[in-house]
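Here is the input, now give the coordinates:
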Amino acid sequence: MGEDKIETAGPIVLFDGVCRFCDASVNWLIDHDPARNLRFAALQGVTGQRLLAHFGLPRGDFNTMVLVEAGRCWTRSTAVLRITRHLGRPWPLLAAFLLTPPFIRDPLYELCAANRYRWFGTFDACRVPTPEMRARFLE
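Residues are numbered from 1 along each chain as shown. Sure, this is the predicted structure:
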């Protein structure tokens, strides 16, 4: 990924809106993003579906977190490691693992993604952000 450009105002994290693990991950990212740069959209939502279509990603497969930044997109472990660059210390140091090839890092990511519903459960619907967080969530 990352070849096709689209302009966005800041990094957008696309996540599975019904996954409890993904929801907890978004909450964790919000708590560790001191500059409040990251914005969020459910993969199942209007913005998520539009961005998936633009980048030619499957619109019904929600087994990856997606980062859209600087007009490009990244998936799986690459997305997660690039997201760490926006967090407070010491998390940006994890971006050094981008030097490790994806074929080495992605199998662990894919194992967690394939089992997250079984291990953590699901919600009946996508999250509804609190009023103070609403500005960071895209429809």
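
Which stretches in this structure count as strands?
Remark: strands assigned in the chain by DSSP state E are 12-15, 39-42, 66-69, 72-75.

Deepest in the core, which of those is it.
Ranked by mean neighbour count under mean count of other Cβ atoms under 10 Å, the strands of the chain are led by strand 12-15, which reaches a mean of 25. Every C-beta, even on glycine, is put in place using the N, C-alpha and C of the backbone.

So which elements touch that strand?
helix 20-31, strand 39-42, helix 46-54, strand 66-69 (3 or more Cβ pairs under 8 Å, 6 or more residues apart in numbering; DSSP states H and E).

Just the C-alpha atoms of it, please, in PDB.
Output of strand 12-15 as PDB, limited to C-alpha atoms (Å, rounded to 0.1, in the frame of the first residue of the first chain):
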ATOM      1  CA  ILE A  12      -6.600   9.000  10.000                       C
ATOM      2  CA  VAL A  13      -6.800   5.600  11.700                       C
ATOM      3  CA  LEU A  14      -9.400   3.300  10.300                       C
ATOM      4  CA  PHE A  15     -10.500   0.600  12.700                       C
END
